[in-house]
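Colleague: Okay, predicted coordinates and the sequence, questions at the end:
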Amino acid sequence: MKAIILCGGKGERLGDLTKLVPKPMLPIEGKPVLQYHVELLKRYGIKDILLTVGHLSDSIEEYFGDGSRFGVKISYLAEKEPMGTAGVLSQMEIDDDAFLVLYGDVLVNVDLDRLFKFHKQKGSQVTLAVHPSDHPQDSDVISLDVDSRVKAVVHRPQTPEFGNLTNACLYVMDKESIKVIPNKKVDFAKDLFPAFINQFRVFGYNTPEYLRDMGTPQRYQQVCQHVRDGTFASGRLH
């Protein structure tokens, strides 16, 4: 299985932290967050990794190269202009039946074998990892039915009646989904997932495992603390 890690964003919410360093290269206890992704994937036997890059991409390519020193194969897909979280994927070619998508600014420690098993057992074509969040107002809230099928995606609700089960930014997607992604700036949760619900079998994998957005200075400091205190290593956020 191929893994795609989205690394192209500017990280504007992180302010001065990302003026000279791209989000995925921010250090956590001596190594960039992106290295934690690579090590997780390798641990589960996923060694074919594509990085979508844009802002300050040279530092990413200089550090990771072709991936050989990490025991994986890394290739790059550069955005000539900002494509949102999803638009650049329209330019990919996928040989396997499914692929994995991770965000370069979300620290992850989950059992990927269990995620893939859920995807297969449900006959899912698009699977979203979801979890309760303490900041649903600036996240994408997910509504599931009793069988864990996604009923609705609410993009960054400003009122609490939609609940706090949110998109955790980790996806398993069948290659057929690539065909409906337009070659333009689009966002997964805002643009694609609402459309996917009507075209594909889309399920939510509700997990308490460690998936933590580090998109603001406060959240970045939290994930650094979680690595130091063992929360990240435990694989449990909730």
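Modeller: Great, that's in hand.
Colleague: Against residue 156, how distant is residue 137?
Modeller: Distance, residue 137 to residue 156, using Cβ to Cβ, to the nearest Å: 7 Å. Every residue, glycine included, has its C-beta placed from N, CA and C.
Colleague: next one: residue 179
Modeller: The value you get for residue 179 to residue 156, if Cβ to Cβ is used, is 27 Å.
Colleague: Over to residue 232?
Modeller: Taking Cβ to Cβ, one finds residue 232 at 26 Å from residue 156.
Colleague: These two - which one has more neighbours?
Modeller: residue 232 (22 against 13; other Cβ atoms under 10 Å).
Colleague: ok, and the closest non-adjacent residue to the more buried one?
Modeller: Closest residue to residue 232 apart from its sequence neighbours, by Cβ to Cβ, 6 or more residues apart in numbering: residue 226 at 4.6 Å.
Colleague: Report all helices and strands that the helix or strand harbouring the one you found contacts.
Modeller: Secondary-structure assignment from DSSP states H and E places residue 226 in helix 217-229. Identification of packing neighbours for helix 217-229 by 3 or more Cβ pairs under 8 Å, 6 or more residues apart in numbering; DSSP states H and E yields strand 27-28, strand 106-109, strand 210-213, helix 231-234.
Colleague: Could you give the average pLDDT over it?
Modeller: Mean pLDDT, computed over helix 217-229, is 92.
Colleague: Repeat that for stretch 93-107.
Modeller: Computed over stretch 93-107, the mean pLDDT rounds to 89.
Colleague: Same check on stretch 127-146?
Modeller: The average of the pLDDT scores along stretch 127-146 is 86.
Colleague: Mind jotting down where the strands sit in this protein?
Modeller: 2-7, 27-28, 31-32, 48-53, 73-78, 98-103, 106-109, 126-132, 140-144, 150-155, 165-174, 202-206, 210-213 (DSSP state E).
Colleague: is it possible to export the ones you listed to CSV including distance to residue 188 and mean neighbour count?
Modeller: Formatted as CSV, those follow (distance: least, Cβ to Cβ, whole Å; neighbours: other Cβ atoms under 10 Å):
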stretch, distance to residue 188, mean neighbour count
strand 2-7, 9, 24
strand 27-28, 24, 15
strand 31-32, 23, 18
strand 48-53, 12, 23
strand 73-78, 16, 15
strand 98-103, 8, 23
strand 106-109, 12, 23
strand 126-132, 9, 23
strand 140-144, 8, 21
strand 150-155, 9, 17
strand 165-174, 7, 24
strand 202-206, 11, 23
strand 210-213, 14, 22
